[in-house]
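Peer 1: Build me a model:
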Amino acid sequence: MLELIWRGAIIGFGATVAMDIWAAILTVVFKQPKPNWAPVGRWFYHLKSGRVFHDTIADAEPYKHELALGWISHYAVGIAYGIMLALLVGPTWFAEPTFLPAWIWAIATVAAGWFLLQPGLGIGWAASKTPNPTKVRALNLVAHTVFGLGLWLTALLIR
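Peer 2: Numbering: from 1, shown residues only. The predicted model follows:
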């Protein structure tokens, strides 16, 4: 069990790095704005007081270290997703990792962003309150596909 948890943590970390590399490519090549993890950090900070949903996270009380907390949370969630996948697929998948289970899991995790984080930040269910929800949703699905690739490739590296 401990072996699965360690392997899951490693693939989750690797997948999160892959997702961040993808975000950097989007910024440099396609001129997309860089991810700003400060609002996520602010959201996580306010969870301690039981506040999950905000009309807009910008109106919530700022937290001095929200950017750092956002980055830590981003990686902690990625690692947690990796551990969950490891526990779901078991040790046989790690012997011969295949892309499909990693991709299915990665796409499933979009739900947490669409139905918890985004409404929590005040941008609506599945980014419905943003100027272009379809674009945001498509970018979310592509980013999570990259996350799935990262899970799989990292599993190949550590087998």
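
Peer 1: Tell me where the model's unsure across this structure.
Peer 2: Across the chain, nothing is flagged by pLDDT under 70.

Peer 1: Can you show me the strands along it?
Peer 2: Taking DSSP state E as the criterion, the chain carries no strands.

Peer 1: hey, where'd the helices end up in it?
Peer 2: Taking DSSP state H, the helices of the chain run over residues 2-30, 38-47, 66-95, 99-108, 110-112, 118-121, 133-158.

Peer 1: Can you report how many residues lie near the nearest residue to residue 37 once chain neighbours are set aside?
Peer 2: Nearest residue to residue 37, sequence neighbours excluded (Cβ to Cβ, 6 or more residues apart in numbering): residue 70, at 2.9 Å. Backbone N, C-alpha and C define where each C-beta goes, glycine included. Applying other Cβ atoms under 10 Å, we find 22 residues neighbouring residue 70.

Peer 1: Look up how far residue 39 lies from residue 70.
Peer 2: 7 Å (Cβ to Cβ, to the nearest Å).

Peer 1: how near is the spatially closest residue to residue 121 that is not a sequence neighbour to residue 21?
Peer 2: Excluding its sequence neighbours, the residue lying closest to residue 121 (Cβ to Cβ, 6+ apart) is residue 57, at 4.5 Å. From residue 57 across to residue 21, the span is 26 Å (Cβ to Cβ).

Peer 1: With residue 37 instead?
Peer 2: For residue 37 relative to residue 21 (Cβ to Cβ), the value is 15 Å.

Peer 1: I am finished for the moment; much appreciated.
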